[in-house]
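Visitor: kindly generate the corresponding structure for this input.
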Amino acid sequence: MTRKSADAGAGRSTIRDVAARAGVSASTVSRVLGGTYPTSGATRTRVMRAVRELDYVADARAKAVAGVGTPTLAFVLDDITGPSFALMAHGVEREASRLGHLCLVCSTDGDARHELDFIETMRAHRAAAVILVGGGADTPEYRERMGRVADSLASAGSRLVLCGRPPLAPGAPVTVIEYDNEGGAYALCAHVLTQGHRRVLFLGGSPDHSTAQGRERGYLAAHRDRGMGPDPALRLSGDFTRDSGYRLMRRALSQGLEFTAVIAATDMVAAGALTAAHEAGLDVPGDVSLVGYDDIPFARDLHPALTTVHVPYEELGRLAVRTVLARTPGAQDEHLLLGTHVVVRDSVAPPADARR
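Guide: Below you'll find the predicted structure:
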């Protein structure tokens, strides 16, 4: 077993330690490790022997600045435990790996400061792209902040990618990968209304969340295009979690709201609403119909299997990677939109009075 030289001491070996051991300059060590400049075989042999003897590990930031090493993609999301985010992360990781890139994942728990700090770290490391996923508040402050981020990454040869986030001003150096969020909600609500339902409870997300806003717009537009005005009392706001769906459904039932169908903003919200309905002795879809959104894997395993909107989350992740790596250098804004569709299962039936 080799031992580190006394020059290195007990701490981490540096490139200068390697140079001293090999009898060459630090710049020569850098050229050997980076493969950016031809060196003689004898010199390379001495340098690599010193690297092994000193257990030297090249600094990732230095290699990034030098333009060598494994190219990196960064994937940033609010909650890594969310099933839809996990599907998208899987798509990003698989495609990045296929194309020879390392994928780093950061979960911010909605902390904007944490998000900006991670982006700055990735910019310093010359990441090929930083992919931000999930909705947000579409405000002037958001657009201004993300515009600065996009410009900063572009100046370092990187790229900002927004997946399911509000786009920025035209001309910004950003790639936007979206799915038809509002169109999916419209088609879902139209399916429910076509079954004869007229009082449809909507369990939505946070009112200032762009994804939640799009799904509510689809719900409203489907009613409007059929000459209907949904009762405002049937629109409840929470978040995209199972617990939110459970609480909102219990509230609707305790308040005595009259409805024959429920549209949940996500499949997780629908799962909570389904539990609350069962606890109240309601049969789905016999007494009340229920639909979700996202088509995450467990939706088909609920009882009854959940009618929902399929979002191609994994393909969104793959497409984000392919698009950003194939872009033309210097390209400005790119905007791609993927379709969604309703998956009909067993959780919707005509209202009970229509079946008599």
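Visitor: mind saving the C-alpha coords of stretch 194-213 as CSV?
Guide: The C-alpha trace of stretch 194-213 is given here as CSV (Å, rounded to 0.1, in the frame of the first residue of the first chain):
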residue,chain,number,x,y,z
THR,A,194,-71.1,14.7,-20.8
GLN,A,195,-72.1,12.1,-18.3
GLY,A,196,-74.9,14.4,-17.1
HIS,A,197,-73.3,16.0,-14.0
ARG,A,198,-74.2,19.6,-13.4
ARG,A,199,-72.9,20.3,-9.9
VAL,A,200,-69.2,19.4,-10.0
LEU,A,201,-67.0,20.1,-7.0
PHE,A,202,-63.5,21.3,-7.9
LEU,A,203,-60.7,20.5,-5.4
GLY,A,204,-57.9,22.8,-6.6
GLY,A,205,-54.4,23.9,-5.6
SER,A,206,-53.1,27.2,-4.3
PRO,A,207,-54.7,30.1,-6.1
ASP,A,208,-51.4,31.7,-6.9
HIS,A,209,-49.8,28.5,-8.4
SER,A,210,-49.6,28.6,-12.1
THR,A,211,-50.3,24.8,-12.6
ALA,A,212,-53.4,25.1,-10.3
GLN,A,213,-54.6,28.2,-12.2
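Visitor: quick one: distance of it to the chain centre.
Guide: 22 Å (C-alpha atoms, centre = their mean, to the nearest Å).
Visitor: state the mean pLDDT of that stretch.
Guide: The average pLDDT within stretch 194-213 is 95.
Visitor: try stretch 120-140
Guide: For stretch 120-140, the per-residue pLDDT values average out at 84.
Visitor: the strands in the chain, which residues?
Guide: Shown for the chain, the strands assigned by DSSP state E span residues 72-77, 102-107, 129-133, 160-163, 174-179, 200-204, 235-237, 261-264, 289-291, 308-310, 334-338, 341-343.
Visitor: list of residues touching the fifth one?
Guide: When contacts are defined by C-beta atoms under 8 Å, 6 or more residues apart in numbering, strand 174-179 is touched by residues 129, 146, 150, 159-165, 167-168, 311-312, 316, 319-320, 323-324, 327, 333-340. C-beta: built from backbone N, CA, C; applies to glycine.
Visitor: turn the strands of the chain into JSON lines, columns for distance to residue 215 and mean neighbour count.
Guide: What follows is those, written out as JSON lines (distance: least, C-beta to C-beta, whole Å; neighbours: other C-beta atoms under 10 Å):
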{"stretch": "strand 72-77", "distance to residue 215": "19", "mean neighbour count": "24"}
{"stretch": "strand 102-107", "distance to residue 215": "23", "mean neighbour count": "17"}
{"stretch": "strand 129-133", "distance to residue 215": "17", "mean neighbour count": "26"}
{"stretch": "strand 160-163", "distance to residue 215": "17", "mean neighbour count": "26"}
{"stretch": "strand 174-179", "distance to residue 215": "12", "mean neighbour count": "23"}
{"stretch": "strand 200-204", "distance to residue 215": "7", "mean neighbour count": "25"}
{"stretch": "strand 235-237", "distance to residue 215": "11", "mean neighbour count": "18"}
{"stretch": "strand 261-264", "distance to residue 215": "8", "mean neighbour count": "30"}
{"stretch": "strand 289-291", "distance to residue 215": "11", "mean neighbour count": "27"}
{"stretch": "strand 308-310", "distance to residue 215": "9", "mean neighbour count": "24"}
{"stretch": "strand 334-338", "distance to residue 215": "16", "mean neighbour count": "13"}
{"stretch": "strand 341-343", "distance to residue 215": "13", "mean neighbour count": "18"}
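Visitor: let me have those strands in CSV, adding distance to residue 251 as columns.
Guide: What follows is those, written out as CSV (distance: least, C-beta to C-beta, whole Å):
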stretch, distance to residue 251
strand 72-77, 29
strand 102-107, 30
strand 129-133, 30
strand 160-163, 32
strand 174-179, 30
strand 200-204, 10
strand 235-237, 7
strand 261-264, 12
strand 289-291, 16
strand 308-310, 22
strand 334-338, 34
strand 341-343, 27
